Each structure stands twice: as C-alpha cells, then as structure tokens.
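Student: how would this look folded up:
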Amino acid sequence: MRETLISRRTLLEAGACVLTAAVITPQIARAHTPTDSGLSPENEETIRDYYKSWETKDWRTTDSLLADDFTFSSPVDDHISKSAFKKGCWDTQVALIARHELTHVIGTGNQAFVMYVCHTTTGKAFRNVEYLRLKDAKVEAIECYFGGQNGYPSAVSGQK
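Tutor: Numbering: from 1, shown residues only. The predicted structure follows:
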C-alpha cells in the first residue's frame, strides 16, 4: 500500500468544497424544474406572462402585471418608476426582442430569480438574471443584473 501525505490545509479546503457541493447540488437540481420553484402557481404565471408580454409587444398586459408602485433597477437605473421604465426601457427595447427563453425560475413566496436568454429580432442573443419581487400577483420590483455593455437588446443589436 502506498502512503500519500496531505497537508491539513489541503484537507480542509477539500472538505469545504465537498460541503459546498453537498449544499448546492440539491438546489441546482431543483433549479431545472420550474414546478418545484417554491412559488405559488399564481406568482409563477405572473412571471411567465410578464416575459411573454415583451414577445407579444403588449404594453397593456405588461402594465396590468406591474404594481402601481413598481420600480426597476439595473446597473444604469436606480429604482425608476413604472412610467420611467416604460419610457426608458420598454419603448426603446421592445421592438428588438423576439423572445425570452426562461432557463431558470427559482423562488419562494413572493421572490424569484429568473435567468433567461433573450433572442433579439436581429438574430443575436444575450443572457440576464433578474430578481423579481411580487405582491398580490403583480410584479412590485425588478432588479436586472447584466454583465457588460451587451446586456440589453439595443446594445446586442449594435444600436445606441
């Protein structure tokens, strides 16, 4: 039998990795099953309808899914109102969105993270993650997390 020496530091690091994997793996497995998201069916439907309304270019539906005191935040927006969101985000980006491919809808109660691939009308795509807070089956707040300058349709499409 061959003897292998392992330092305590290496052993502790390996143990931490194993422990982290044991905790995260079940969460990752659940992430692939939207019905196991912990959201109420009503909240999950609101979320899916919200992204669908971008594809159908239907502001009335979007507006009805957003709470009156809705706020939107991103790296370039700080808790803007629904009217500012419509003017600065919807009006400038909606024509460029072909569809959203929701890859993960993970949440509990009135909170959810949504990871998606947005396909633009110019044939390009980008990924984003958004944190949504819901109240009374309406979207109360969205925090959009995108990386770099190509995290929204007009940037990906080469427009300013």
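Student: which residues of the chain fall in helices?
Tutor: Secondary structure of the chain (DSSP state H): helices at 8-31, 41-55, 59-65, 82-85, 91-93, 153-156.
Student: and residue 22, what pLDDT?
Tutor: With respect to pLDDT, residue 22 has a value of 49.
Student: actually residue 38, sorry about that
Tutor: pLDDT, residue 38: 87.
Student: Could you tell me which residues make contact with it?
Tutor: 106-109 (Cβ atoms under 8 Å, 6 or more residues apart in numbering). The C-beta positions use only the backbone N, C-alpha and C, and glycine is treated the same way.
Student: Also residue 73?
Tutor: 79-80, 141-144.
Student: These into JSON lines, with extra columns for distance to residue 58, pLDDT and neighbour count?
Tutor: As requested, these are exported to JSON lines (distance: Cβ to Cβ, whole Å; pLDDT from 0 to 100; neighbours: other Cβ atoms under 10 Å):
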{"residue": "79", "distance to residue 58": "25", "pLDDT": "96", "neighbour count": "11"}
{"residue": "80", "distance to residue 58": "21", "pLDDT": "97", "neighbour count": "18"}
{"residue": "141", "distance to residue 58": "21", "pLDDT": "98", "neighbour count": "18"}
{"residue": "142", "distance to residue 58": "17", "pLDDT": "98", "neighbour count": "20"}
{"residue": "143", "distance to residue 58": "23", "pLDDT": "97", "neighbour count": "16"}
{"residue": "144", "distance to residue 58": "20", "pLDDT": "95", "neighbour count": "19"}
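Student: which one of these is nearest residue 120?
Tutor: Set against residue 120, the nearest of these by Cβ to Cβ is residue 144 (16.0 Å).
Student: Surely the closest one and residue 128 touch.
Tutor: Yes. Residue 144 lies in contact with residue 128 (Cβ atoms under 8 Å); the separation is 6.1 Å.
Student: for the protein, what are the low-confidence residue spans?
Tutor: In the predicted model of the chain, residues 1-37, 147-160 satisfy pLDDT under 70.
Student: make it 50
Tutor: The model of the chain has pLDDT under 50 over residues 1, 4, 10-12, 14-20, 22, 25, 28-35.
Student: Out of the contacts of residue 73, name the ones that lie in strands.
Tutor: Judged by DSSP state E, the subset of these located in strands is 79-80, 141-144.
Student: Out of these, which comes closest to residue 95?
Tutor: Distances from residue 95 to the ones in strands among the contacts of residue 73, taken by Cβ to Cβ, are shortest for residue 144, at 18.5 Å.
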